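Engineer: Sequence first, predicted coordinates after that:
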Amino acid sequence: MKLNIALLCGSLRKASYSRKVSAYLTEAGSRFELTIEVVEIADLPLYNEDLEITGTAPSSWSLFRKQMKSVDGILFVTPEYNRSLPAVLKNALDVASRPWGESIWNGKPAGIISLSQGSIGGFGANHHLRQILACLNVPVMAQPEAYLGNIQNCFEEKSNSIKPDTREFLEKFLQQFAVWAAKNRG
């Protein structure tokens, strides 16, 4: 049985490395019984509880919560900004964890792929995201970990194609994630 996986990309830039990796994962997922769909988070207004209280919460919040509630698991692909995760990704986590007691994240299995142009591959972003997900009761696959350092070197020169060694790494990650998500889905 195929699992429906939401992919949340922490980068807003259309030509970002994170979006290129995300595009590859959506295509490769079917080989591992995963239907991976990017769920856009760019248009989610910043979370403000006052809007929930007054009944004026943006409809995009409700739509996002509904989308995320229906998936079997989540993949996060994120760059590292200032040794942490991008604000747009944190906002998406906040929006779907509210209102209090109605978090859609509870028990949904997740995997994280972080990347950076530096050699540590978004280690800070990856681990800050893991801390947040622990609070939200999201079981995160522990192994294999995925840190894509020097991401600019993971693509063929003059094209958007991911180099074979990086494709192989991502496919091994997806293979393990498929097994792990099937075992841990709520």
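Structural biologist: Nice, I can see it.

Engineer: Next one: the residue nearest the centre of the chain relative to R13, how far apart?
Structural biologist: Most central in the chain under C-alpha atoms, centre = their mean is F76, positioned 1.5 Å from the mean C-alpha point. F76 sits 17 Å away from R13, taking C-beta to C-beta, to the nearest Å as the criterion. Quick note: C-beta positions are derived from backbone N, CA and C, even for glycine.

Engineer: Please apply the same query to E27.
Structural biologist: Distance from E27 to R13, by C-beta to C-beta: 20 Å.

Engineer: looking only at pLDDT, what's the mean for stretch 160-178?
Structural biologist: Stretch 160-178 comes out with an average pLDDT of 96.

Engineer: Give me the contact list for that stretch.
Structural biologist: 3, 20-21, 24-25, 28-29, 31-34, 73, 75, 111, 113, 141, 143-144, 146, 148, 153-156 (C-beta atoms under 8 Å, 6 or more residues apart in numbering).

Engineer: Quick one: buried ones out of those?
Structural biologist: Among those, those classed as buried by neighbour count (16 or more other C-beta atoms under 10 Å) are 3, 20-21, 24-25, 28-29, 32, 34, 73, 75, 111, 113, 141, 146, 148, 154-155.

Engineer: for the strand or helix carrying R167, the distance to its chain's centre please.
Structural biologist: Assessed by DSSP states H and E, R167 sits inside helix 164-184. Computed by C-alpha atoms, centre = their mean, to the nearest Å, the separation of helix 164-184 from the middle of its chain amounts to 14 Å.
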